[in-house]
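>>> 3D, please:
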Amino acid sequence: MRKAILVLLILLIPIGSLNVNSKNIVIKETFSPKPLGKLALVIFIDGLDVRVLNEINTPNLDYLANNGLSFSSKSVLPSSTTAGTTAIATGAYPNASGVVHTYAYNATEYHLQLPDEDPIRYYFEDMLNATTIFETLYDKGVTTALIYTKSKQEVMLGESGAVSKGIYVDRYNFFTVDPHEPEVTLEEREKFLEYLTNVTLDTLEQLSLLINNGQDAFLFLAYPEPDWSGHASGPNGELYRGVVSFIDSQVGRIIDKLNELGLWERTLIITIADHGYSDVDPALNILNPNDEYHLPGLNVEHVVSTTAGTLLYIYLKNLSDIQKAVNQILTYPWVGGIWTRVPAAGANGTLEDIGLNIDFAGDIVLDIKPPYYASKYENEGAHGGTDAQNIPVILSGGALDKTISLTSFDQLSVAPTLAYYFDADLPSKCIKDYIDVVKPSAYVTFTVKPSIVEPNSEVELNITYKLRENPESPKIKIEVVDSNNTIVDSKEINITDTEGNLITKVKVGAEGSHKVYVYIIDANQQILGGQANPILVAQVEKPPRAWGKIGAAIAISLILAVIMLALPIYLKKRKEG
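Next up, the predicted model:
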């Protein structure tokens, strides 16, 4: 009996949510893997330019592309990490999400400040004005995990910081020199990337135990390379290309792990970058190295804010100076494009045209032609402007419907696709409707009564299901599995409605822990969705009836009753006598 109670206590320990503060999740699984939930995996490769990707050997990324859907796409402006990750997480351009870069000024505030008064610098968390896919999935009950190395990527978690498990890997625990510098060797970078992959593989193992039980999970892996190497060597340097090749090998390890865990058919993979890269010349920095706040030669009161090298925000003290500023800027040989808050002659358009019509983007957005750039750092490669918007997007995984007709997919498509996949709400500022790129799926929940049952008896299942599409010949399949991974009972039930509720009974086996799997399959025996619940099979020990003790108790009670009745009579007679 003690053994049965111990098993029950183990089963009652929640396999549930991952915790931000937990370093390790150890869950012992005694049943055969049967992934009933779904996984979405975003492999984010920081600074991967599609032009370079097409020139080098990447067999694993090619495998994903050849077995899925691939696109040559454009990032939002600025083509930078913070703006790109925000666009991915919100499905919105910067003028709707509020985030134009890691930091920026407020143009309207600057207009109202006193002359020569320094403007206030705002950071991404101050600018964010939208919910994110992490928040909507977390609210839906999806287990979410983020593996990242740049703190600014926390913008994806939204104002609430909603994530089941956030794993921040500090690069300064691995490098003695900033990895933006060329002194960091390829071997050192590879060790760091391999560590990130190891963390990812461990996390996938932990998530697989939840997915096997019918829970949904979302994992976002953010590789910080080849961005660091791009700044150090430029996109045509051996360092950049060597890192891209190594990341490809790590993608191969992830593919192998998904197959090993049996998760491939239940997984949607989105591989995407935040921005591309441009070759720049360290000698052609248009900013004065001793003054990163002003554009040389611009003879109006202003301040500038860099993005990542090839896009510049210019904040004018007086908006009325905008035509004068544009006229001066047009004389420079490195001007690639000019967009202004209000229309100005000679400009390419307004901020509205490029999704940056917001105070934080300044009064003028200036695109810089490589090899020129604007930065307080010396660079061999840069991004931020239109030349660095070239990024790859690959949709893959067993959950992808490769037969769909889809002509384009960009950063703004990620959030609505994930929302559709998990049947969750769209982020508040998402500009695209739900995007269906996945195979048919189903949701199943059920209860078991009783949860503790005697051997070789029956339990009742109350099942609720919903099919989001209408697959061919769907069935509800039920399996009861004991602790030896033996199926002790099973049945299939044909269903015709896309949603419903039914009650049925199944048998259990000998004493021990059992698990009940309830899932929906299509005509090809593919699992569309399901849930698993534990039950305890234990012999109930009935205590022996203690007739001797019961008789003695009754006798004592009768004697006490007689005494209570007789005592007053006795005392009365004694008093009268």
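
>>> Give me the below-cutoff pLDDT ranges for this structure.
Residues of the chain meeting the criterion pLDDT under 70: 1-33, 540-555, 557-558, 560-577.

>>> ranges for the helices of it?
In the chain, the helices defined using DSSP state H lie at 2-12, 50-53, 59-66, 81-90, 94-97, 107-112, 124-127, 133-140, 186-212, 227-233, 238-260, 322-329, 411-421, 547-576.

>>> Put the alpha carbons of the third one into CSV.
Which is helix 59-66. Extracted in CSV, the C-alpha atoms of helix 59-66 (Å, rounded to 0.1, in the frame of the first residue of the first chain):
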residue,chain,number,x,y,z
PRO,A,59,23.7,21.3,-46.5
ASN,A,60,21.4,21.4,-43.4
LEU,A,61,19.8,24.7,-44.2
ASP,A,62,19.4,23.4,-47.8
TYR,A,63,17.7,20.3,-46.4
LEU,A,64,15.2,22.5,-44.6
ALA,A,65,14.6,24.6,-47.7
ASN,A,66,14.3,21.6,-50.0
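
>>> rewinding a little: pick the most deeply packed of the helices of the chain.
Among those, ranked by average contacts under mean count of other C-beta atoms under 10 Å, first place goes to helix 81-90 (a mean of 29). C-betas here are computed from N, CA, C, even on glycine.

>>> Please name every helix or strand in contact with it.
strand 39-45, helix 94-97, helix 133-140, helix 411-421 (3 or more C-beta pairs under 8 Å, 6 or more residues apart in numbering; DSSP states H and E).

>>> That one vs strand 39-45, what angle?
160 degrees (axes from the mean of the first three to the mean of the last three C-alpha atoms, to 10 degrees).

>>> residue boundaries of the strands in the stretch 251-400 of the chain?
Assigned by DSSP state E, counting those that start in this stretch, the strands in the stretch 251-400 of the chain fall at 267-272, 278-279, 302-306, 311-316, 335-340, 349-350, 364-368, 381-382, 390-396.

>>> I'd like those written out as JSON lines, with mean neighbour count added.
Formatted as JSON lines, the strands of the stretch 251-400 of the chain follow (neighbours: other C-beta atoms under 10 Å):
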{"stretch": "strand 267-272", "mean neighbour count": "24"}
{"stretch": "strand 278-279", "mean neighbour count": "24"}
{"stretch": "strand 302-306", "mean neighbour count": "22"}
{"stretch": "strand 311-316", "mean neighbour count": "26"}
{"stretch": "strand 335-340", "mean neighbour count": "20"}
{"stretch": "strand 349-350", "mean neighbour count": "15"}
{"stretch": "strand 364-368", "mean neighbour count": "26"}
{"stretch": "strand 381-382", "mean neighbour count": "31"}
{"stretch": "strand 390-396", "mean neighbour count": "24"}
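
>>> In CSV, list these along with distance to Asn290.
As requested, the strands of the stretch 251-400 of the chain are exported to CSV (distance: least, C-beta to C-beta, whole Å):
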stretch, distance to Asn290
strand 267-272, 38
strand 278-279, 25
strand 302-306, 14
strand 311-316, 17
strand 335-340, 23
strand 349-350, 33
strand 364-368, 20
strand 381-382, 20
strand 390-396, 33
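
>>> how near is Gln539 to Gly384?
For Gln539, the distance to Gly384 equals 70 Å [C-beta to C-beta, to the nearest Å].

>>> swap in Ile272?
Distance from Ile272 to Gly384, by C-beta to C-beta: 18 Å.

>>> For Gln539 and Gly384, indicate the residue with more neighbours.
Counting neighbours by other C-beta atoms under 10 Å for Gln539 and for Gly384 shows that Gly384 has the greater number, 27 against 11.

>>> Test my guess that that one contacts Ser305.
No. Under the criterion of C-beta atoms under 8 Å, Gly384 is not in contact with Ser305, lying 11.0 Å apart.

>>> thinking Glu492 is in contact with Lys477, fair?
Yes. Glu492 lies in contact with Lys477 (C-beta under 8 Å); the separation is 5.1 Å.

>>> about what we covered before: wait, which of the strands of the stretch 251-400 of the chain is closest to Leu528?
strand 267-272 (14.0 Å; C-beta to C-beta).

>>> And stretch 160-174, what's buried?
Residues 162-167, 169, 174 are the ones in stretch 160-174 that count as buried (16 or more other C-beta atoms under 10 Å).

>>> no no, stretch 277-293
Applying 16+ other C-beta under 10 Å to stretch 277-293 flags 277-280, 285-287, 292-293 as buried.

>>> cool, and stretch 143-159?
Within stretch 143-159, judged by 16+ other C-beta under 10 Å, the buried ones are 143-150, 152-158.

>>> hmm, back to that, Glu492 and Lys477 - which one has more neighbours?
Lys477 (17 against 11).

>>> all strands for the stretch 401-550 of the chain, in order.
So, for the stretch 401-550 of the chain - with DSSP E, counting those that start in this stretch - the strands run 442-449, 452-453, 458-467, 475-482, 487-494, 499-507, 512-521, 527-537.

>>> Export the helices and strands packed on helix 81-90 as CSV, with columns for distance to Leu209.
Listed next are these as CSV, based on distance: least, C-beta to C-beta, whole Å:
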stretch, distance to Leu209
strand 39-45, 12
helix 94-97, 34
helix 133-140, 19
helix 411-421, 21
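
>>> and Ile364, which of the ones you listed is closest to it?
Of all these, helix 94-97 sits nearest to Ile364, with 15.1 Å by C-beta to C-beta.

>>> Which neighbouring elements make contact with that closest one?
By 3+ C-beta pairs under 8 Å, 6+ apart, helix 94-97 packs against helix 81-90.

>>> Endpoint to endpoint, stretch 131-149 covers what distance?
Stretch 131-149 stretches 22 Å from its first residue to its last (C-alpha to C-alpha, to the nearest Å).

>>> where's Ile404 relative to Ile435, distance?
Counting by C-beta to C-beta - Ile404 and Ile435 are separated by 10 Å.

>>> more neighbours, these two?
Higher neighbour count among Ile404 and Ile435: Ile435, with 20 against 13, using other C-beta under 10 Å.

>>> That one is in contact with Tyr420, isn't it?
Yes. Between Ile435 and Tyr420 there is a contact at 5.9 Å, judged by C-beta under 8 Å.

>>> what's the span of stretch 64-84, first residue to last?
Note: stretch 64-84 ends 22 Å apart using C-alpha to C-alpha.

>>> show me what contacts the nearest residue to Leu287 once chain neighbours are set aside?
Among residues not flanking Leu287 along the chain, Ala374 sits closest, at 4.9 Å (C-beta to C-beta, 6 or more residues apart in numbering). Ala374 is in contact with 285-287, 295, 304, 306, 309-310, 312, 368, counting by C-beta atoms under 8 Å, 6 or more residues apart in numbering.

>>> will you turn the residues you listed into CSV that also has distance to Ser72?
Shown next, in CSV, are those (distance: C-beta to C-beta, whole Å):
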residue, distance to Ser72
Asn285, 30
Ile286, 29
Leu287, 32
Leu295, 33
Val304, 31
Thr306, 27
Gly309, 22
Thr310, 19
Leu312, 26
Ile368, 23
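
>>> out of those residues, who's nearest Gly47?
Nearest member of these to Gly47, counting by C-beta to C-beta, is Gly309, at 11.4 Å.

>>> Name all residues that make contact with the closest one.
Shown in contact with Gly309 (C-beta under 8 Å, 6+ apart): 278, 280, 368, 373-375, 379, 381-385.
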